[in-house]
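J.: I'll drop the sequence and a predicted model, then ask my questions.
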Amino acid sequence: MHSDKLTRYRHAQHPLPQRMLRWHLYGAGLENLGKEGQPEEVPVPEPGDDELLVRIDALGLCFSDTKVVSLGERHPRLVGRDLQKEPVVLGHEVSCTVVKVGKNLQERFRVGQRFIVQADVFYQGKSIAYGYVLPGAMTQYGIIGREILEGDEGCYLLPVRDEDGYVEAALVEPWACVVASYAQKRRQHVQQEGVALLVMGERLPHTEFTLGKTMSASHRPRRVVALHAGGQIRAELVQLAASSGMELVEDEATLDAARRHAPEGGYDDIICIGELPPEAIEGVADLLAKGGVLWVLRRTPLERCLSLDIGRIHYDSLWIVGAFGDDLSAANALPLRSELLPGGTCWIVGGGGPMGQMHVQRAIQLPQPPALIVATDVDAVRLEAVRERFAPTAERRGIRFVALNPKELDPQVFHQRLLELTDGKGFTDIVNMVPVAEVVADSARLLADGGVYNIFAGVARGVKACLDMNAICGRGVRFFGSSGSSLADIRLTLEQMESGQLQTRASLAAIGGMRAAHEGIRALMEARFPGKTVIFPQIPDLPLMSLAELKERFPTVYAKLEGGRFWTKEAEEELLRLLLPD
């Protein structure tokens, strides 16, 4: 009987209810999620001719959801929206099943098909993310319309196999953000047909600089704003303008001039050459466009670090490159790398949280992993969970795994301990989950020569940290960031999950039913669980609980966990057999 019930559920052969539960967010604060802390009962919607009705099978709760709850109408994606009149339905980490198909979609879709959703939806040139602008998955049933089915990049639904688990499928979306962060690429040259700003400082006696291969007839902007350009650099710009038709605008070296000539959206490249003072570089750096590159070429070290916008490095994919010397090409001489260095040394800052644990897991499971992985976190309980979950696998693979709590050590002792772990060389890779400027600046001091710093934490735009430009120019260290994922990223992550290369299910730490979503968001804000929380909307009354609590509450489900710790498809099937309504 239970098996038949599960089979009917998987193939969407059960009768649809007339009413369902859905959570609405009416403003900032948890008190505005739902009505008196409960979801609302509303009619199950009927799909239009060009729409699908989907059943929400599993929903991962994301830290991004807590940001929307905290900010309400002040959230960047919701500015100008009256949430009292047009509330948000949160939820974008989703596994769903088609239960009704509009008449115009009969040849494309069928009842019983399963999908995940790429949340970063673009439609007619506008960003209308699922779970933000578009109603999301914090509901038992939802409508998928033309915006998702016929988006600017195609269909934002990605099919999953019938045999895939609901939890592992829902967690592909957050995992795609992790996978994407290690696949970032930067340009080797200035942006073709872009707009570049070049600022020159004082030149030391008998010193000439050259643009080298960085800017040439085959890699040239359509426009260069040159401030105080002189010597060989100016000669190269004049020649390039004459031979290629590139527009050259010359002006005095002031921040006002840089701002006056800046295009809407900013400069694609900002090139700082010569012995410019720190404040001059900091001033123009704020004028970079999304995806822009800051180039620094000089002969002498700066007298202090630079205060740079790390929020924009994260959200706007800015890169900073530099070199000591006279050829700008040297700023990009190092090989491009955002992946962890095989056999290297990796430090995951904030490795005890849900996303931090995903980075730890990925590092350990890489085909060519680092030789040393250090996870640090100020929460002793979460850090112990990391140690228990991943140390055995690391040991089996010959990886040295160390978990440290900085609160338990004097700051100097903590830094010294980290240096000792790397034989005094520093880390080849640092991945940061902590959105605090001081943490970024302090941890970056421990980068090895040629080391890479991944600002994964969602630091707000405008937050600045002191970054050592001398280390960038002289030791080849690099900083980069990323936010979200593309369709290609989520496809790759889904392929890795389905091939067994990536176990997205291992991130799960807690589960609950539809009515527990409010408490799940609160628990996420309080960092109550050391991993991901997934809601089962079709099991409305399942209380929020950790996987460990299953031992007492649902022992037959607990018995099917892997090693008593990791979620499995078998545990999921047992839970559904027990608790799905007949």
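T.: Good, I have the coordinates.
J.: and the helix or strand where Glu495 lies, C-alpha only, in CSV?
T.: Assigned by DSSP states H and E, Glu495 belongs to helix 487-499. As requested, the backbone C-alpha atoms of helix 487-499 are provided in CSV (Å, rounded to 0.1, in the frame of the first residue of the first chain):
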residue,chain,number,x,y,z
LEU,A,487,22.1,28.0,-16.6
ALA,A,488,25.4,26.4,-17.7
ASP,A,489,26.6,26.2,-14.0
ILE,A,490,23.4,24.5,-12.9
ARG,A,491,23.5,22.1,-15.8
LEU,A,492,27.0,21.1,-14.9
THR,A,493,26.1,20.7,-11.2
LEU,A,494,23.1,18.6,-12.1
GLU,A,495,25.3,16.4,-14.3
GLN,A,496,27.8,16.0,-11.4
MET,A,497,25.0,15.1,-9.0
GLU,A,498,23.5,12.5,-11.4
SER,A,499,26.8,10.9,-12.2
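J.: Show me what counts as buried in that helix.
T.: Neighbour counts over helix 487-499 (16 or more other C-beta atoms under 10 Å) mark Leu487, Asp489, Ile490, Leu492, Thr493, Leu494, Gln496, Met497, Glu498 as buried. C-beta here means a position set from N, CA and C on the backbone, and glycine is covered the same way.
J.: And the residue nearest to the second one when sequence neighbours are not counted, how close does it get to Tyr141?
T.: Ranked by C-beta to C-beta, 6 or more residues apart in numbering and with sequence neighbours excluded, the top spatial neighbour of Asp489 is Ala180, at 4.0 Å. Look at Ala180 and Tyr141: by C-beta to C-beta, to the nearest Å, they are 30 Å apart.
J.: Neighbour count for these two, which is higher?
T.: Under the criterion of other C-beta atoms under 10 Å, the comparison of Ala180 against Tyr141 puts Tyr141 first, with 25 against 20.
J.: so where does the residue nearest to Asp489 fall, helix or strand?
T.: Applying DSSP H and E, one finds Ala180 within helix 172-181.
J.: Gly283 now?
T.: Element membership of Gly283, judged by DSSP H and E, is helix 278-285.
J.: for that helix, what is the average pLDDT?
T.: Mean per-residue pLDDT for helix 278-285: 96.
J.: Arg565 and Arg387 touch, don't they?
T.: No: between Arg565 and Arg387 there is no contact under C-beta atoms under 8 Å: 11.8 Å.
J.: Where does pLDDT dip in the protein?
T.: Across the chain, residues meeting the criterion (pLDDT under 70) sit at 1-3, 204-206.
J.: what's the single longest helix in it?
T.: In the chain, with assignment by DSSP state H, the single longest helix is helix 380-396.
J.: Checking the residue nearest to the spatial centre of the chain next. Helix, strand or coil?
T.: The centroid of the chain falls nearest to Ser483 when counting by C-alpha atoms, centre = their mean (3.7 Å). Secondary structure state of Ser483, per DSSP: H, G, I helix; E, B strand; the rest coil, is coil.
J.: Please tell me how far it sits from Asp316.
T.: Noted for Ser483: a distance of 8 Å to Asp316, by C-beta to C-beta.
J.: residues contacting the residue nearest to Asp489?
T.: Counting by C-beta atoms under 8 Å, 6 or more residues apart in numbering, Ala180 makes contact with Ser482, Gly484, Ser485, Ser486, Asp489.
J.: how about stretch 262-279: buried residues?
T.: Of the residues in stretch 262-279, those buried (16+ other C-beta under 10 Å) are Ala262, Gly266, Tyr267, Asp268, Asp269, Ile270, Ile271, Cys272, Ile273, Gly274, Glu275, Leu276.
J.: now these as a markdown table including distance to Leu306 and secondary structure?
T.: Output for these, formatted as a markdown table (distance: C-beta to C-beta, whole Å; DSSP: H, G, I helix; E, B strand; the rest coil):
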| residue | distance to Leu306 | secondary structure |
| --- | --- | --- |
| Ala262 | 20 | coil |
| Gly266 | 18 | coil |
| Tyr267 | 17 | strand |
| Asp268 | 20 | strand |
| Asp269 | 17 | strand |
| Ile270 | 13 | strand |
| Ile271 | 15 | strand |
| Cys272 | 10 | strand |
| Ile273 | 16 | strand |
| Gly274 | 16 | coil |
| Glu275 | 14 | coil |
| Leu276 | 11 | coil |
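J.: can I get the residues you listed in JSON lines with distance to Gly426?
T.: Putting the buried residues of stretch 262-279 into JSON lines (distance: C-beta to C-beta, whole Å) gives the following:
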{"residue": "Ala262", "distance to Gly426": "37"}
{"residue": "Gly266", "distance to Gly426": "32"}
{"residue": "Tyr267", "distance to Gly426": "32"}
{"residue": "Asp268", "distance to Gly426": "32"}
{"residue": "Asp269", "distance to Gly426": "29"}
{"residue": "Ile270", "distance to Gly426": "28"}
{"residue": "Ile271", "distance to Gly426": "28"}
{"residue": "Cys272", "distance to Gly426": "26"}
{"residue": "Ile273", "distance to Gly426": "28"}
{"residue": "Gly274", "distance to Gly426": "29"}
{"residue": "Glu275", "distance to Gly426": "27"}
{"residue": "Leu276", "distance to Gly426": "27"}
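J.: Closest to Ile56 out of the residues you listed?
T.: Closest approach between these and Ile56, by C-beta to C-beta: Gly266, at 39.6 Å.
J.: Which residue is the nearest non-sequential neighbour of the residue nearest to the centre of the chain?
T.: Tyr315 (4.9 Å).
J.: Quick check: phi and psi at the one you found.
T.: Backbone torsions for Tyr315, taken as degrees, to the nearest 10, come to phi -80, psi -30.
J.: if we can go back for a sec, outside of the helix or strand following the helix holding Glu495, which residues touch it?
T.: Remark: after helix 487-499, the chain's next helix or strand is strand 508-513, criterion DSSP H and E. Defining contact as C-beta under 8 Å, 6+ apart, one finds that strand 508-513 is touched by 167, 171, 354, 385, 519-520, 523, 528-537, 539-547, 566-567, 575.
J.: what's the helix or strand following strand 508-513 in contact with?
T.: Per DSSP H and E, the first helix or strand lying C-terminal to strand 508-513 is helix 517-525. Applying C-beta under 8 Å, 6+ apart, the external contacts of helix 517-525 come out as 23, 30, 33-34, 37-39, 59, 61, 63, 65-66, 69-70, 138, 510, 512, 529, 533, 535, 544.
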